[in-house]
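Novice: Here is a sequence together with a model predicted from it:
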Amino acid sequence: MSLLPQLRYPTLTQLVASARALAAGRPGLCGLRQVGISRAGRPMHLLSVGHARRAVLVVAGAHANEPTGGPTLLALAERVLSERELRADTSWHFLLCADPDGASLHRTPAPRTLFDYHLGFFRPAAEEQPEWSPSVLPPHRLPPETRALTRVIDELRPYLQATLHGTDLGGSWVQLTKDIPGLAEPFAKSAAQLHIPVETGASDAAGWTASGPGVHVMPSPGVGAAYPSMPDDARHSTWYDPHRYGGLTAVVEVPMWASDLVDDPAPHPAPAAAIRRLARRLLRDTLEVERVLAEALPRLEGLDGPLLRAAKWALELVPGLAADWMHTPPADDTMAYVGSVDAFGRRLPLRAAAMLLRVLLEADDRAAPGLERLVATWSDAFAERFRARWVPLEHQVEHQSRTVVAAALYARDRAA
């Protein structure tokens, strides 16, 4: 079954061209400048609208496989330009892409199915992700993309940083580094109007306080993590940098494909047993990918590009995560949470397999056809299990844009 979207996700080149056109059209109000250079020498651009000291920073492209942020950023910039009240006492700043190197490797501008999406999939290892690297690396080893983002935050001192994220299949949710009272209502209203489910039990926010359905507030430093084995910790990421200036970060997640199974608040009849079963499946699926990697690795001698590093990194996460699921009481007992864990457990080995497949195809390795069949099978099973339905790109963008604007308005009132 084809789930063909009506529009395409713009490339980074197209994003920059659109931002340049916006800046050229309103030269007294807009500006586009380079604020950094990636590891591979790609420029990082910041589009600014307005000149007020009070600032909102919007970050797109932190994860290469989450492409909705680019068109959302452009839609937000156009809205700020057209609605004077949004920029009356606030300047808006848009980092077009936090990881331009990653954006060059994730290649699904118009995915028709989850299989198509995974054929072009890339998501780097944590130490190569600009927002996450501070949680796993010492300061002197941070990549230039992270340092550029941090410099922008230090320059602007935003009262709100909105970072635009997404998920391949599931629902929408928001992660806050500090609560924004009142945000839950417009967020839920927007999702309902656009037929996007709210992911009430997102495994990314396991154990966090909810200020409303799908709006999760990150725990303070010192509070134990729901998954102790995971090497990265959001509380050490760039999401917390605005706190130095009294600000906060809102992480706005939207799905490419929606599943109505992720917003079911009903109690699960046996959540611990269900999650143990998911842990066993995670280990079993991962072993299939590891066998392909071990068999092919001698033929890939000398190859150590970002795709292979990321595939290995994803596989290395599995033993600890599976042990967490086996031995830690569930952070939530709802159907939604167990469904979110189910999706997470499918993603890790599938993503590792997809990135390894790209390496094998590039090398014309004999293991590629078998692994491609596995990626196709797992992608189709994922879509079928969660009854995937495409969210029109314009709905993805509209919901993410509305949520950012609501967060900016409510956070402004909070900071006043």
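Specialist: The structure has been received and is ready for your questions.
Novice: Just the buried residues of the strand or helix carrying Ala188, please?
Specialist: Ala188 belongs to helix 184-193 when elements are defined using DSSP states H and E. Of the residues in helix 184-193, those with enough neighbours to count as buried (16 or more other C-beta atoms under 10 Å) are Ala184, Pro186, Phe187, Ala188, Ser190, Ala191. C-beta: built from backbone N, CA, C; applies to glycine.
Novice: for the last one, what are its contacts?
Specialist: Counting by C-beta atoms under 8 Å, 6 or more residues apart in numbering, Ala191 touches Gly171, Ser172, Pro197, Val198, Gly214, His399.
Novice: State the mean pLDDT of the helix holding Ala188.
Specialist: Helix 184-193 shows a mean pLDDT of 98.
Novice: what number of residues lie near the residue nearest to Asp233 when sequence neighbours are not counted?
Specialist: Nearest residue to Asp233, sequence neighbours excluded (C-beta to C-beta, 6 or more residues apart in numbering): Ser135, at 4.9 Å. By other C-beta atoms under 10 Å, 20 other residues sit near Ser135.
Novice: cool, His51 as well?
Specialist: Applying other C-beta under 10 Å, we find 10 residues neighbouring His51.
Novice: Please name the nearest non-neighbouring residue to it.
Specialist: Using C-beta to C-beta, 6+ apart and skipping residues adjacent in sequence, the residue nearest His51 is Ser91, 5.8 Å away.
Novice: Strands - which of the contacts of Ala191 land there?
Specialist: Members of these lying in strands (criterion: DSSP state E): none.
Novice: Tell me where the stretch 301-416 of the chain has strands.
Specialist: Using DSSP state E, counting those that start in this stretch, the strands found in the stretch 301-416 of the chain span residues 389-390.
Novice: ranges for the helices of it?
Specialist: Counting by DSSP state H, counting those that start in this stretch, the stretch 301-416 of the chain has helices at residues 306-327, 335-362, 368-385, 393-415.
Novice: Among those helices, which comes closest to Arg33?
Specialist: Of all those, helix 393-415 sits nearest to Arg33, with 21.6 Å by C-beta to C-beta.
Novice: related to what we said a few turns ago, ranking the helices of the stretch 301-416 of the chain by burial, who's on top?
Specialist: With neighbours taken as mean count of other C-beta atoms under 10 Å, the helices of the stretch 301-416 of the chain reach their highest mean count in helix 335-362, at a mean of 24.
Novice: where in the stretch 1-150 of the chain is pLDDT low?
Specialist: In the prediction, the stretch 1-150 of the chain carries residues with pLDDT under 70 at positions 1-6.
Novice: ditto for the stretch 151-300 of the chain
Specialist: 221-226, 231-232.
Novice: Go again with 90.
Specialist: Residue ranges of the stretch 151-300 of the chain with pLDDT under 90: 202-209, 219-236.
Novice: Quick check on the spatially most central residue of the chain: phi, psi?
Specialist: Centroid-nearest residue in the chain, with C-alpha atoms, centre = their mean: His165, separated by 3.5 Å. Backbone geometry at His165, expressed as degrees, to the nearest 10, gives phi -120, psi -180.
Novice: Same check on Val252?
Specialist: Phi and psi for Val252, reported as degrees, to the nearest 10, are phi -110, psi 120.
Novice: Determine the number of other residues adjacent to Gly212.
Specialist: Gly212: 18 neighbours (other C-beta under 10 Å).
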